[in-house]
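In: Make a model of this:
(2 chains)
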Amino acid sequence: DAKTTQPTSMDCAEGRAANLPCNHSTISGNEYVYWYRQIHSQGPQYIIHGLKNNETNEMASLIITEDRKSSTLILPHATLRDTAVYYCIVRVGGSQGNLIFGKGTKLSVKP
Amino acid sequence: SAVISQKPSRDICQRGTSLTIQCQVDSQVTMMFWYRQQPGQSLTLIATANQGSEATYESGFVIDKFPISRPNLTFSTLTVSNMSPEDSSIYLCSVEDRDRETFGSGTRLTVV
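Out: Predicted coordinates for the structure are as follows:
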């Protein structure tokens, strides 16, 4: 079973920041937090991952709480193309473990 | 990142037949994975395929139903055997790509 809990759905206005929360209260010390998204009918797309420090790349920022029991994915300026299901995944066994997908959050970006 | 070509992109098959899905990657990779995504559901790992060894299947998936080949470091196939309508799903391959998995675009299978 997935070790994460995410809201089923969220809305965001185009151009605004989208903040997607994820709870992973049972995360272990060597487990990473990964975020993927799946746009309708496509394969999942990697977004970002982190262990305990906040991370930023060209797509998003990942904020991990100090106790590592939750995290937030931030899309700084959401566009209509960001409408997708976003999956927060705790990767068992560090960076070489299997991905276990939960149900994810359906993000709808609205004009 | 790795580029994956998955074929076919979609197919409609008769029950009782088999379909082989191909996954080609543009670089040599050790680990390849096969997933199933049933309608309206999330992804479920079917098996892990390492070159030169038998695939490792997850609980609920068996080799007779989903035989996998991994002849070299850039290619793998998944066969869905003796299909029934319950096998209608999207099947995806992925590869271990440095510190992440990269996915193909999937094969949408409909069994009638």
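
In: rest of the way, CA atoms for contacts and neighbours
Out: Noted.

In: bridging residues for B:Arg36?
Out: Here B:Arg36 sits in beta bridges with B:Thr44, B:Tyr91, going by DSSP bridges.

In: Just give me the neighbour total for it.
Out: 22 (other C-alpha atoms under 10 Å in any protein chain shown).

In: Figure out how far stretch B:84-102 is from the centre of its chain.
Out: Centre-to-centre, stretch B:84-102 and its host chain are 5 Å apart (C-alpha atoms, centre = their mean, to the nearest Å).

In: Which residue, other than its chain neighbours, is closest to B:Ile68?
Out: B:Leu78 (4.7 Å; C-alpha to C-alpha, 6 or more residues apart in numbering or on different chains).

In: so the one you found sits in a strand?
Out: Yes. Counting by DSSP: H, G, I helix; E, B strand; the rest coil, one finds B:Leu78 located in a strand.

In: give the contact list for it.
Out: B:Thr20, B:Ile21, B:Gln22, B:Trp34, B:Phe66, B:Pro67, B:Ile68, B:Ser69 (C-alpha atoms under 8 Å, 6 or more residues apart in numbering or on different chains).

In: can you check B:Glu86 too?
Out: B:Val111.

In: And B:Leu109, how far from chain A?
Out: 12 Å (C-alpha to the nearest C-alpha, to the nearest Å).

In: just checking, that residue touches B:Arg15?
Out: No. In this structure, B:Leu109 is not within contact of B:Arg15 by C-alpha atoms under 8 Å, at 11.5 Å.

In: more neighbours, these two?
Out: More neighbours surround B:Leu109 than the other of B:Leu109 and B:Arg15, with 22 against 16 (other C-alpha under 10 Å).

In: Surely that one forms part of a strand?
Out: Yes. B:Leu109 sits within a strand when classified using three-state DSSP.

In: how much space between A:Ser61 and chain B?
Out: 17 Å.

In: nope, A:Arg16 is what I was after
Out: Distance from A:Arg16 to chain B, by C-alpha to the nearest C-alpha: 27 Å.

In: Kindly report the same for A:Leu62.
Out: From A:Leu62 to chain B the distance is 16 Å (C-alpha to the nearest C-alpha).

In: In contact with the closest residue to chain A within chain B, which residues are there?
Out: Nearest residue of chain B to chain A (C-alpha to the nearest C-alpha) works out as B:Ser105 at 4.5 Å. By C-alpha under 8 Å, 6+ apart, B:Ser105 lies in contact with A:Gln42, A:Gly43, B:Ile4, B:Ser5, B:Gln6, B:Ser9, B:Leu92.
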